[in-house]
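K.L.:
Fold the following and give me the result.
(one chain, ligands or ions: 2)
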Amino acid sequence: MNTVRGFKDIIYPESFKISEIERISREVFEIFNYKEIRIPTVEYQELFIKSTGETTDIVEKEMYKFEDASKRILALRPEGTPGVARAYINNNLNIKGENTKYFYIGNMFRAERPQAGRFREFEQIGVEYIGTNSAFSDAEVIIMLDTILKKIGIKSYQIEINSIGCFECRKKYREVLIENLKKLELCDLCKQRIERNPLRVLDCKIDKEKFSSIPSIHLCGNCQDHHKTLKELLTKSNVDYKENKLLVRGLDYYTRTVFEFKTAELGSQDAIAAGGRYDDLIKSMGGPNSPSVGWAMGAERILMLCEKENISFKNKPLCFVITADQKYSEYAFELLSSLRNSGIKSDFSSFHQSLKSQMRSANSNGARYALIIGEEEFISNTVTIKDLSTGEQSKKEKDNLIKELLKII
Ligand code: ATP
Ligand code: MG
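P.N.:
Ligands and ions are numbered 1, 2, ... in the order given. All right, here's what the predicted structure looks like:
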């Protein structure tokens, strides 16, 4: 039996690298005071139609939907924001008085054509800052994403931002857009979308080179101010960004700010993370007036970029315990336990193997130190410690050894 097309196993070391990406993200979320939210994988299909939008690629072409035994029409979540918005409303999160800033880590499902960096089940790490319309919150979420990527060590990305205005700005832009789009030779889907959802046309992957003549949106005074403040905040925070007047993103609920973190390293799967402001979504779903902003990043694409940039994460033990003779196995095993009880990452292979083959294991597991127990060490309650990168070797009292190792970590 094989995996279903577009689905994959994630095995060590990739599994470890993805959890490192999650761990670093969690660290940053904690520093910024974002709280975890866990939402269901399955929702009513209706939720995504009404929020992500009926004429978006995600809903129109990519959604996994099915009818359950009770004839409910359900969908595997293609993205996180609609579920978080629903949870915010259902759980009255607005009345608690504390900041409503959430992060989620979870798998999403989209039936798109599988290729490198494009899967049918993939992981998104995302955030939603709900309940404020200030440009400071846009700046915060963008800075937070930039901080995560920098902490991971990724360098080859550019940030693109744009403002697609509020409902009123877009109402006026719609006519301009339709008129100009009609002059172009576009793909079949774009042709259908010109009247239904002209802004969506600008996100088309097939026609994307054809829009340079399209005038950009004229923003109202408030939207202009919002965009200007955001740009000033980013500049002051040393976030390097570029304006892209044609950036609209593929989801219907965005208002004002939209942004994408792009890379030239992954071919046409160039978006590693993306997001924007959604001031009307929660209200339109029957919730309180809760202007919000958020983003999601694709964990697999981040991982691919790490590989391209040779960022290494490996789950390496600091110490590898080795016996010169299996007589000392129990003593060695006790040492291993004390190391682990002190929080020192340690491992061993087989105490009955030769010293040489245990040393080989220590090297291939990437350990930094080999801790060797032979007769002398056993008698004097000491350990020989060998630095595997320099070859330096010395003998230490067992208790002192642990204290010194703790200093290193
Ligand atoms: P793309 O333009 O590549 O289709 P998107 O605009 O559909 O991306 P979003 O809905 O904004 O993507 O999702 C946020 C992030 O999730 C993307 O930037 C990307 O890193 C990741 N992502 C989206 N779809 C997939 C997929 N099918 N496989 C892997 N990662 C994905
Ligand atoms: Mg897509």
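
K.L.:
list the buried ones in the helix or strand hosting E175?
P.N.:
In this structure, E175 sits in helix 167-181 according to DSSP states H and E. Neighbour-count burial for helix 167-181 flags 169-170, 173, 177, 181 (criterion: 16 or more other Cβ atoms under 10 Å). Yep, even glycine has a C-beta here, placed from its N, CA and C like the rest.

K.L.:
Pull the number of nearby residues for whichever residue of the stretch 51-200 of the chain sits closest to ligand 1.
P.N.:
Distances between the stretch 51-200 of the chain and ligand 1 by Cβ to the nearest ligand atom are smallest at F122, namely 3.5 Å. Using other Cβ atoms under 10 Å, F122 is surrounded by 19 other residues.

K.L.:
Assumed it was part of a helix.
P.N.:
No. Judged by DSSP: H, G, I helix; E, B strand; the rest coil, F122 forms no part of a helix; its state is strand.

K.L.:
Which residues are in contact with it?
P.N.:
Under the criterion of Cβ atoms under 8 Å, 6 or more residues apart in numbering, the neighbours of F122 are 107-108, 110, 298-300.

K.L.:
Return a ChimeraX selection command for the buried portion of those residues.
P.N.:
Selection of the buried residues among these in ChimeraX, burial being defined by 16+ other Cβ under 10 Å:
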select :108,110,298,299,300
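
K.L.:
can you list the domain ranges for this protein.
P.N.:
Residue ranges for the structural domains of the chain, counted by automatic domain parsing, are given in the record as 14-165+219-308, 319-408.

K.L.:
Find the one among those domains with the highest mean neighbour count.
P.N.:
A comparison of the domains of the chain by mean neighbour count, using mean count of other Cβ atoms under 10 Å, puts domain 14-165+219-308 on top with a mean of 18.

K.L.:
Check whether Y129 sits in a helix, strand or coil.
P.N.:
Three states are possible here, and by three-state DSSP the one that applies to Y129 is strand.

K.L.:
I'd guessed it sits against W295; true?
P.N.:
No. At 9.6 Å, Y129 and W295 do not qualify as touching, with contact defined as Cβ atoms under 8 Å.

K.L.:
my read is E20 is in a strand, agree?
P.N.:
No. Using three-state DSSP, the assignment for E20 is helix, not a strand.

K.L.:
Please list all residues in contact with it.
P.N.:
The neighbourhood of E20, defined by Cβ under 8 Å, 6+ apart, consists of 152, 313.

K.L.:
Show the model's pLDDT score for it.
P.N.:
pLDDT for E20: 96.

K.L.:
Helix, strand, or coil at the residue lying closest to L281 once chain neighbours are set aside?
P.N.:
Among residues not flanking L281 along the chain, Y253 sits closest, at 4.2 Å (Cβ to Cβ, 6 or more residues apart in numbering). Classification of Y253 by three-state DSSP places it in coil.
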